[in-house]
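# Task: produce atomic coordinates for the following.
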Amino acid sequence: MDTSTGRSKHSNKHNIVVIGASAGGIEPLKQIVSDLPADLPAAVFVVVHIGQVSYLPEILDRAGRLDARVARNGAEFGTGCIYVAPPGLHLLLHDGHMLLRRGPRENLARPAIDPLFRSAALSYGACVIGVLLSGSLADGTAGMRAVKAVGGLAVVQHPRDTLVPAMVESALHYVDVDHCLPAAEIGPLLARLAAEPAGETFAAPPTLRLEAAVAAQEHSTMQDEDRLGELSVFTCPECHGPLWEIEDGDMLRYRCHTGHAFTGDTVMEAQAIEQDEILWSLLRSHQQRAAFARRMAERERMKDRSKLAAELGRRAKDYESDAALIERILETRRAQATDDGSVSAEGKGQESAN
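Next up is the predicted model:
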């Protein structure tokens, strides 16, 4: 392994590769890693939406010839190595070092793809290659836009080659992607690009620096003077504070004052999850009230208080009727989710790395 670090921002090669994946992304990631040469003149950084435990570094270490390991806070990094974000922490890059931060979740995830891509873009400009693989929702699109804004390259897995195409389809819609191809062709492409000269690095937009600072916990809250957009009428699905609406080109994004970040489809997904939780809570409540009313009615009948028993029986039927209505609503929502082929954020977050 080449032990030289990625410290210089002025390298003339594409020596920083950042890869993001979510649902269905493990297999294409293994394919890419297996195709990378042992002497790859670049450092590779990986964020996958995972649960509380991850065996991804071990899986990738066995999959190819490069050394794969868990990213460590404050550690320098070198070319010819793969660094994997650990569960529960954003992976950021700065001045040849890796930073791990428990910053606000982005798109319902931590680690999230966008913070890694933004930090890489800020520190390494045109030397960065951003790669997006299979996944649900749209994490990675804003980060890929940041990579392109400073002169880096954008590579996405072809939607027809993915198990869950939403993430790469979002990138293709909002980003001027340089390469769109199957996973089996991405590894050789990265090896070729890493040996080619990088282009000109462009100045990063001020908003990009602010959003990177939020992920790095350098800004504890979003102040009015730091506003990235216009205050909307919507509330944050995470903390229920107000959301700022950000116009990122033709893409709408949202951030709250504590830093939680969302694309539009993630807001809708989070709202759907919250609605399901409310409906399930209501269902349990009505079922319990019906059972309790029937229990009390039985006791009143045993005491020959038929009028009160009948009233409690009517209440129980009303509660059961309400519960049946809520069950029908939940069933309709499940059917719609199946027809849409959607993957809930909860399911995404629990995706196993093995």
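# what's the distance between residue 45 and residue 162?
Distance, residue 45 to residue 162, using Cβ to Cβ, to the nearest Å: 21 Å. For glycine as for every other residue, the C-beta is placed from the backbone atoms N, C-alpha and C.
# got it, and residue 257?
35 Å.
# more crowded one of those two?
Shown here are residue 257 and residue 162; by other Cβ atoms under 10 Å, residue 162 has more neighbours (25 against 19).
# quick one, longest helix in this protein?
helix 264-302 (DSSP state H).
# Could you list the buried residues of the next helix or strand after that helix?
Using DSSP states H and E, the next helix or strand after helix 264-302 towards the C-terminus is helix 306-340. For helix 306-340, burial by neighbour count (16 or more other Cβ atoms under 10 Å) applies to 309, 312-313, 315-316, 319-320, 322-323, 326, 330.
# likewise stretch 86-103?
Those would be 86-87, 89-93, 96-101, 103, for stretch 86-103 by 16+ other Cβ under 10 Å.
# By pLDDT, rank the residues you listed and give me the bottom one.
Among the buried residues of stretch 86-103, residue 103 has the lowest pLDDT, at 91.
# Need the phi and psi values for it.
phi -80, psi 180 (degrees, to the nearest 10).
# which residues sit in contact with it?
Taking Cβ atoms under 8 Å, 6 or more residues apart in numbering as the contact definition, residue 103 lies against 90, 110, 115, 214-217, 259.
# which of those residues lies closest to residue 270?
Lowest distance from residue 270 to the contacts of residue 103 (Cβ to Cβ) belongs to residue 110, with 14.1 Å.
# you'd agree that closest one is up against residue 89?
Yes. Here residue 110 reaches residue 89: they are 6.8 Å apart, a contact under Cβ atoms under 8 Å.
# so what's in contact with the two at the same time?
Residues within reach of residue 110 and of residue 89 at once, by Cβ under 8 Å, 6+ apart, are residue 102.
# So which elements touch the host helix or strand of residue 116?
Using DSSP H and E, residue 116 sits within helix 113-124. When contacts are defined as 3 or more Cβ pairs under 8 Å, 6 or more residues apart in numbering; DSSP states H and E, helix 113-124 packs onto strand 16-21, strand 43-48, strand 90-94, strand 128-132, helix 141-149, helix 206-215.
# Show residues contacting the second one.
Under the criterion Cβ under 8 Å, 6+ apart, residues 6, 15-22, 25-26, 29, 36, 54, 56, 60, 66, 71, 77-85, 91, 93, 98, 111-113, 116, 120, 351, 353 lie in contact with strand 43-48.
# hmm, 6 Å instead?
Under the criterion Cβ atoms under 6 Å, 6 or more residues apart in numbering, residues 6, 17-21, 25, 77, 79, 82-85, 91, 111, 113, 116 lie in contact with strand 43-48.
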